[in-house]
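Colleague: Just a sequence and a predicted model for now, questions to come.
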Amino acid sequence: MRGRAVDALRSLEVMSSIHPIDLIVVVHHTDCGALFTNDDEVRAKMCARAPAHADSIQSKSFGTFQHIGLDESIREDVALLREWAFRSPGTRVIGVALDIETGVIRQVTGGEQE
């Protein structure tokens, strides 16, 4: 799906035009709402709230990741950013999971050669 990092691309494009970016860190966290719902549920609730916009709502992707889990959602976002056409040569992209109960940050991806 790769729906979460897409929201950051515009900001990264602006920032990388001002100054080179050496490292991009994708941070997802435990107990995230996107782990407990799916795009179909979001669409249904939005259509109920705004039925006049049902057609445009049906085509939206909301980046939920109940179906793939936390680690795979991080891997997908890291892959998207590594494939980003405007990424400067040498820019590293890593992905981490933040446990919001313990504060522990666990690296999910990024140690391997890019």
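Modeller: Yep, it's here.
Colleague: can you tell me which helix in this protein is longest?
Modeller: Counting by DSSP state H, the longest helix found in the chain is helix 69-83.
Colleague: so what pLDDT did the residue lying closest to Cys47 once chain neighbours are set aside get?
Modeller: Nearest residue to Cys47 in three dimensions, chain neighbours excluded: Ala54, at 4.5 Å (CB to CB, 6 or more residues apart in numbering). Quick note: C-beta positions are derived from backbone N, CA and C, even for glycine. On pLDDT, Ala54 comes in at 95.
Colleague: again with Thr91
Modeller: 93.
Colleague: What residues does it make contact with?
Modeller: Pro20, Ile21, Asp22, Leu23, Ile24 (CB atoms under 8 Å, 6 or more residues apart in numbering).
Colleague: what two of those residues are the furthest from one another?
Modeller: Greatest spatial distance among these (CB to CB): Pro20 and Ile24, at 11.6 Å.
Colleague: The two - which one has more neighbours?
Modeller: Set side by side, Pro20 and Ile24 show more neighbours around Ile24, with 21 against 11, by other CB atoms under 10 Å.
Colleague: okay, and for the chain, where does confidence drop off?
Modeller: Residue ranges of the chain with pLDDT under 70: 1-3, 111-114.
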